[in-house]
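S.K.: need a structure here:
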Amino acid sequence: QVQLVESGGGLVQPGGSLRLSCAASGNIVSIDVMGWYRQFPGKPRELVAIITSGGSTNYADSVKGRFTISRDNAKNMAYLQMNSLKSEDTAVYYCNQKGRMIVGTTLRQFDSWGQGTQVTVSS
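M.R.: Here you go, the predicted model:
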């Protein structure tokens, strides 16, 4: 399978910024969609932002104008720049990537998740 490793979470004051990174490894052929999701305690995981291989993006209304998703196709990396953070952004953030990989001699689709990284916005 494709392994995703997130980094960049932590504690930040309201109004501050953080940049999350997501590194994919494995026999990847292409990554169609990279996305960031978050989960609040006791709530289901929700979409934060996604970016397609062509660079099209989509954001949750709650983060528009504050968060920016980007990708580096050569490095199989996804990023989430989070500015003007609010206490209500406190959550576990997960990276998701969907694409195609080689398993043996077979081309297969993959849909992988990272382990999650905690973002806490508090003074």
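S.K.: As a quick check, tell me the outermost residue of this protein.
M.R.: Distance from the centre of the chain peaks at Thr105, with 29.0 Å (Cα atoms, centre = their mean).
S.K.: and stretch 17-36, what's its mean pLDDT?
M.R.: For stretch 17-36, mean pLDDT is 97.
S.K.: Use 839 as the first number for this chain going forward.
M.R.: New numbering, starting at 839: the last item is stretch 855-874.
S.K.: The closest residue to Leu923 other than its chain neighbours and Gly952, how far apart?
M.R.: Spatial nearest neighbour of Leu923, chain neighbours left out: Val959 (4.5 Å); criterion: Cβ to Cβ, 6 or more residues apart in numbering. Using the backbone N, CA and C atoms, a C-beta is placed for each residue, glycine as well. Applying Cβ to Cβ, to the nearest Å, the value for Val959 to Gly952 is 20 Å.
S.K.: on that earlier part again, correct me, but the residue nearest to Leu923 touches Ser922?
M.R.: No: the criterion here is Cβ atoms under 8 Å, and Val959 misses it with Ser922 at 10.1 Å.
S.K.: Who has more neighbours out of those two?
M.R.: Between Val959 and Ser922, counted using other Cβ atoms under 10 Å, Val959 has the larger neighbour count: 19 against 13.
S.K.: got the contact list for stretch 931-942?
M.R.: Outside stretch 931-942, the residues that touch it by Cβ atoms under 8 Å, 6 or more residues apart in numbering are 839-840, 842, 844, 847, 858, 860, 862, 864-877, 883, 886, 914, 916, 918, 945-957.
S.K.: Could you tell me which of those residues count as buried?
M.R.: For the contacts of stretch 931-942, a burial check counting by 16 or more other Cβ atoms under 10 Å picks out 840, 842, 844, 847, 858, 860, 862, 864, 866, 869, 871-876, 883, 886, 914, 916, 918, 948, 950-952, 954-955, 957.
S.K.: Okay, and the beta partners of the residue nearest to Leu923?
M.R.: Val959 has these beta-bridge partners by DSSP bridges: Val850.
S.K.: residues in contact with it?
M.R.: 849-852, 854, 923-928 are the contacts of Val959 under Cβ under 8 Å, 6+ apart.
S.K.: if we take those, which one ends up nearest to Ser891?
M.R.: Asp927 (27.0 Å; Cβ to Cβ).
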